[in-house]
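1. need a 3D model of the following:
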Amino acid sequence: MKSFERLKAFFRELLASGIEVEAGSKKFLVATPEALPKLRRGEREALVVRAIRLATGRRKKAKAAAPKRAPLKVPPPKILEALEASPTGLRMQDIATRIGVAWQGLIAALRHLKRDKKVREFNGFYFLPSHPKPVVKLAEMPAAKEAKATATAKPKTKKPAVKKRVKRARGDSACAYVGCDKPHYAKGLCNNHYNIERRRKAASDDFDSDTEQTRRKAYRLTILNALRDQKGGLTLFHLGKAINEKWQTLRQPANELVREHLVAKRGKLYLPLAEDDSAEA
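-> Down below sits the predicted model:
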């Protein structure tokens, strides 16, 4: 609180003596009403404060002068000479090897040459002159190079002609099946229905053949005899071992015997039924 009072007293004393502010050609007097008449008459010396004019807004920066092109480490004519000697283009490392400098020193020189359109770049790796020399053809090459090229060339061998698959001629008529609009393939049927009928006929012929019937009857008798000899019943696996056959081939005949009530099935075991049991069933 005391410091505030002291500051207040200091400002009162300062204003009582007066403050003259000079801002360019203008002057301002700052003082208490009692001190103003005396200051205007020049009876008391005032504290002179000169105001400094501050620049407002952003200052415009002066344009920087264009940097002078630094002398290149590798002279461009050497690079152009190396590139013109290779019409297919060179990588940066190959150019450096031919000139005899480090490839890092070529970066700036190649950049300048590309900017001046004296060198062009392709595939991101190879450099070529903008107007390269024409590529030397094989006929214009020396005899030694031509002989080497012909020696390394692989002999051309004709591939054997592959016979094309002859497509079956299909008629314009539709399939004979009702509701099938697919084109005719063979025997009045489309490809799908023709294969269905072919499989069905093959299955029926195989099932109705005399040899198949004889084989199945022989299996049935063999299975019944083997089951009657074994009182406890047999699984298909042990039944196949007993009659020396694969158990997979015995599944269908054994199930037919079960359906005809000649054999009973308890879980995986097949048991023979007695004649009175089969009669009751």
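
2. how does this protein divide up, domain by domain?
-> 2-50, 76-129, 170-208, 210-280 (automatic domain parsing).

3. just the buried positions in the shortest one, please.
-> Same thing as domain 170-208. For domain 170-208, burial by neighbour count (16 or more other CB atoms under 10 Å) applies to Cys175, Tyr177, His184, Tyr185, Leu189, Cys190, His193, Tyr194. For glycine as for every other residue, the C-beta is placed from the backbone atoms N, C-alpha and C.

4. go through the residues you listed and name the one nearest Glu81.
-> Nearest to Glu81, judged by CB to CB, of those is Tyr185 at 73.9 Å.

5. skipping adjacent residues, who's closest to the closest one in space?
-> Leaving out its chain neighbours, the residue that sits closest to Tyr185 by CB to CB, 6 or more residues apart in numbering is Asn191, at 4.4 Å.

6. pretty sure the one you found sits against His184.
-> No. Contact criterion CB atoms under 8 Å: Asn191 and His184 do not qualify, at 9.5 Å.

7. mutual contacts of those two, please.
-> Counting by CB atoms under 8 Å, 6 or more residues apart in numbering, Asn191 and His184 have no contacts in common.

8. quick one on the thing from earlier: can you redo the buried residues of domain 170-208 as CSV with pLDDT?
-> Shown next, in CSV, are the buried residues of domain 170-208 (pLDDT from 0 to 100):
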residue, pLDDT
Cys175, 82
Tyr177, 78
His184, 73
Tyr185, 76
Leu189, 82
Cys190, 86
His193, 85
Tyr194, 87
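
9. ok, those residues vs Pro87, which is closest?
-> Nearest member of those to Pro87, counting by CB to CB, is Tyr185, at 61.5 Å.

10. quickly note the distance from that closest one to Arg199.
-> Distance, Tyr185 to Arg199, using CB to CB, to the nearest Å: 15 Å.

11. again with Asn191
-> From Asn191 to Arg199 the distance is 13 Å (CB to CB).

12. equivalent analysis for Ile95, please.
-> Look at Ile95 and Arg199: by CB to CB, they are 73 Å apart.

13. same question for Trp103.
-> 73 Å.

14. got a pLDDT number for Met260?
-> Small correction: residue 260 is Glu, not Met. We have a pLDDT of 84 for Glu260.

15. before we move on, what about the one 3 residues further on?
-> With respect to pLDDT, Val263 has a value of 85.

16. now the phi/psi pair for it, please.
-> Note on Val263: its backbone torsions stand at phi -140, psi 140 [degrees, to the nearest 10].

17. per-residue confidence for the closest residue to it other than its chain neighbours?
-> In space, and not counting its chain neighbours, Val263 is closest to Leu257: 4.0 Å by CB to CB, 6+ apart. With respect to pLDDT, Leu257 scores 85.

18. returning to that earlier point: what about the residue nearest to Tyr185, distance to Thr222?
-> Asn191 is 42 Å from Thr222, where distance means CB to CB.

19. tell me the phi and psi of the residue nearest to Tyr185?
-> In terms of degrees, to the nearest 10, the main-chain angles of Asn191 are phi -60, psi -40.

20. state the distance from it to Cys175.
-> For Asn191, the distance to Cys175 - CB to CB - is 9 Å.

21. can you list residues touching both of these two?
-> With CB under 8 Å, 6+ apart, Asn191 and Cys175 have common neighbours Lys182, Tyr185.
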